[in-house]
Structures are given as structure tokens and as C-alpha cells.
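>>> Quick one: sequence and predicted model below, then my questions.
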Amino acid sequence: MDSLNLTNAEPDGELASGRERLILALNSGSSSLKFGVYRVTGDRVQKLISGEAQALGTQAGRFEAINAHQQPLVGESVPMITTKHALHEVERLLEQTQSGPLDGIGHRVVHGGPALRQPCRINKQVLEQLQQVIGFAPLHTPMALSVIEETSRHFPEVAQVVCVDTGFHAQMPEVACVLALPKELREQGIQRYGFHGLSCESIVRRFGSSLPRRLIIAHLGNGASITAVRAGQSVDTSMGLTPCGGMIMSTRSGDLDPGVLIYLIRQKGLDVAAVETLVDRQSGLLGISGLSADMRSLKIASPTQADARLAIAMFCYSASKQIAAMMAVLGGIDTLVFTGGIGENDAEVRANICNGLTWTGLHLDSALNQSGSDLISTLESTCTVRVFDSREDEEIARHTWQLIP
């Protein structure tokens, strides 16, 4: 499939390193909207405000924001909060903090299909492409499009940029991205794409000149993926055509025998909508445990609930297998990085995953792992193990800065 002829896909003119811009980065989920306000000057990205509108459209709605010093600016319950309300709150915070008018707005979009694999200015053609590929990420893309539409109404004069999460993986070799399907389907864009690309990009940037040649990134959160990076380039990753593939996640099944889906359709009478709900919303940690999709809740329940223990064990087992597979892809490993909500905050899960990899010579330092240190491996470990926070929104801000006038 041919790529889109994207207008403004490259910066206009020369990028002067002193060109300062105020950028709003928006990261929409299925029921939440995270945001960050950044002052960007070349390679320098300064966070001014960050926050989240949670549980959109429900009675449990909440809006929170903090400043650059982690001090709360607002934290209040807002039942039935909408994207429109959230954007009004962001605008109010800009006025309150005297940050100045926005120069650009960047949006994280999970999937742009085969034609949209790089950051670009939003125009009619880009929006049409995103509409056409909703089926690749039905949990995420409709919300992202809704946010883009509302943002365009609220800030009509501000340039907007879309940053696709598949971009980091766009150069994966054929052996990793081609699916074992007839060629005519492959030509329609049915392939392995990979996700969490902005997160991976932020991890690679953190290393700078000390980037290890063989890096594995374990992004573990509600969505979870394992990515093999060689010399800064993604060469394989656990997610596939959609963000549902790969390892076990909070409510997503991860990889399944295709025969399971055929059986459910033929023998149990499930239609497409029921199968989609099953694999995207009812499986993973929630499906195994029958209790919760939240790792924290499962750990509380695990002393008395066997299925909660099983869910945790299967999650860690799934991650260990995927990491070992990426070691095979890279011919070894120099550094393993944990990131994402679970990866950054759950020392016990990190330890359980790494316990499944001690045969490789990888060893954690228990005290460092519990302490919140960014380096958590022993001196004797054959590779380093680190914990980095994911900085997707900073990457969105950088890409937006590059593409606005």
C-alpha cells in the first residue's frame, strides 16, 4: 500500500535552536485524557504543567494537574467530565500560570495504518486516513479522533500534529513484520506494526551517547509489550497488527492460537463484536483472575485467591518468555529496561520476571530493586537492568515543535 503524501511532514525551513514554542501534548486513552504543557527550544524540553482527566463521562470523573515542581494545581472530582471540559481546564491553567498562548498541539495516536508512520501536521487527508484504519485499534483511535476534533474547535488557530505510536517500529526487517498470510493480504497492510513506540523512543533518548547496542525495553502497564532494539533501531517487538497481540495484559489476551477464535465463532456462536469484547476487554489479568485487571488489587487478593496468584504468575511468565525471545533476536542482551506503570513501580513483578531469566546470567540486586534506583542489577550480572520512566509526552512535544511554523 502506498504511503500518504503528507504535507508539512518535514519542518518548515531551518530549525533554529533558539526557536522557543509552547506545546500542549495530549495522550488520549479509552476513558482518560493525559496532558502536558512544555516549553520547547531545540533539544531542551521543559515541563510546565502535567495532569489527567480521568474516567471521562462517568460519575467517577476527576481532573488533576501539577506544576513542574510536582505541586498540585488542581485536584477535584468532576462527575461526567468531558474532553471539552478538560480542555477548558487546561486553558484556565495556562492563564493561571501565565505560561503564554499555545504555539502547537501534539496528539498521540496509537495506529495510523500502513500509510501513516511518521509525525505529521493534521489536515483533512490525515484525518481521513485515521478514519479508514479505526479497525486496527478500535479501543483507541475513536477517542483520539474525538479529542482532535474537540481540540480543533477549542483552539482553532493553533497548529496540530499527530504522532503515531507505530512509527518507532516502521523500519523493522521483513522477517519480523511480515505475517505468514497470503501476499494479497499483506499488500492491504495486514502486517506486524508494533506499539509503545513513543515510549521506546523516549528510553533510547535517555541513554544518549551511552546507548547499549543490544537493548530490550519492557513496557509494562495496562498495555504491555517487549521490544528488541539494536543500535537504536527497533528490530522486533511483541505486539503485532493491533495492540492486542503479544504478552498478557490487563484486559487484553495477548497472543492466542487462532483456532481458539475459530472455535468460539463456529461452536459457541460468538460474532465479531463478542470476540472483540472478549479479547480486548474481558481477558488478560481480569479474565484469568475473575477479580480485577489491576495488578495492585490482584496482589492484595493473592494470599487467599488462587486465581489472583495465577494471573500474576502468568503475567510474569509471559514477560520472561518474550524477553528471552528478544534475546534470541539480538543475539544476546546488554541492557534490559523496565518502564510503564507496572514496570516502573512494581519491584516484585520485576523480580519475578528476572527470576525467570537467571539462566542467562541476569541477576537483580534485591536492595536496589526495592529502593527505586534506576540501576537494579548486580555487579556480577551479565547485563545491566534499569528502571526508566516513560516520557511519551516529551517525545510528542519534540515532534510537534519540529513540525510547526
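Arrived safely, thanks for sending.
>>> pLDDT weak spots in this protein?
1-18 (pLDDT under 70).
>>> Skip ahead from whatever helix or strand Cys200 lives in and say which helix or strand is next.
Here Cys200, judged by DSSP states H and E, is contained in helix 197-207. Later in the chain than helix 197-207, the nearest helix or strand by DSSP H and E is strand 214-220.
>>> name the helices or strands packed onto that following strand?
helix 197-207, strand 224-230, helix 306-330, strand 335-339, helix 340-345 (3 or more CB pairs under 8 Å, 6 or more residues apart in numbering; DSSP states H and E). Every residue, glycine included, has its C-beta placed from N, CA and C.
>>> what's the angle from it to helix 197-207?
Angle, strand 214-220 to helix 197-207, by axes from the mean of the first three to the mean of the last three CA atoms, to 10 degrees: 130 degrees.
>>> Each with direction, which strands does strand 214-220 pair with?
Under the criterion DSSP bridges, strand 214-220 sits next to strand 224-230 (antiparallel), strand 335-339 (parallel) in its sheet.
>>> Let's have those in CSV, adding mean neighbour count and distance to Leu26.
Converted to CSV, the strands paired with strand 214-220 look like this (neighbours: other CB atoms under 10 Å; distance: least, CB to CB, whole Å):
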stretch, mean neighbour count, distance to Leu26
strand 224-230, 26, 22
strand 335-339, 26, 20
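>>> so which of the helices and strands packed on strand 214-220 comes closest to Ile66?
Minimum separation from Ile66 across the helices and strands packed on strand 214-220 (CB to CB) falls at helix 340-345, 16.9 Å.
>>> just checking, what packs against that closest one?
Counting contacts by 3+ CB pairs under 8 Å, 6+ apart, helix 340-345 is packed against strand 214-220, helix 347-355.
>>> Including distance to Ser390 and mean neighbour count, could the ones you listed go into TSV?
TSV is the format used below for those (distance: least, CB to CB, whole Å; neighbours: other CB atoms under 10 Å):
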stretch	distance to Ser390	mean neighbour count
strand 214-220	7	27
helix 347-355	15	19
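>>> In CSV, list the ones you listed along with distance to Glu64.
Below are the helices and strands packed on helix 340-345 laid out as CSV (distance: least, CB to CB, whole Å):
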stretch, distance to Glu64
strand 214-220, 23
helix 347-355, 25
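>>> right, so of those, which gets closest to Asp43?
Closest to Asp43 of these, according to CB to CB: strand 214-220, at 20.9 Å.
>>> Kindly calculate the angle that the closest one makes with helix 347-355.
140 degrees.
>>> which residues make contact with strand 214-220 from outside it?
With contact meaning CB atoms under 8 Å, 6 or more residues apart in numbering, strand 214-220 is reached by 196, 199-200, 203-204, 207, 224-230, 319, 323, 326-327, 330-343, 346, 349, 353, 390.
>>> what about the strands in this structure?
For the chain, the strands defined by DSSP state E occupy 20-28, 33-41, 44-54, 62-67, 72-77, 104-109, 120-121, 159-164, 214-220, 224-230, 233-237, 335-339, 384-387.
>>> Of the ones you listed, which is nearest Thr304?
strand 214-220 (24.8 Å).
>>> Report the backbone C-alpha coordinates of that closest one in PDB.
Taking C-alpha atoms only, strand 214-220 is exported to PDB below (Å, rounded to 0.1, in the frame of the first residue of the first chain):
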ATOM      1  CA  ARG A 214      21.500  -4.700  22.400                       C
ATOM      2  CA  LEU A 215      18.700  -3.200  24.300                       C
ATOM      3  CA  ILE A 216      15.400  -4.700  25.400                       C
ATOM      4  CA  ILE A 217      12.600  -2.500  26.600                       C
ATOM      5  CA  ALA A 218       9.800  -4.000  28.700                       C
ATOM      6  CA  HIS A 219       6.900  -1.500  28.700                       C
ATOM      7  CA  LEU A 220       4.500  -2.900  31.300                       C
END
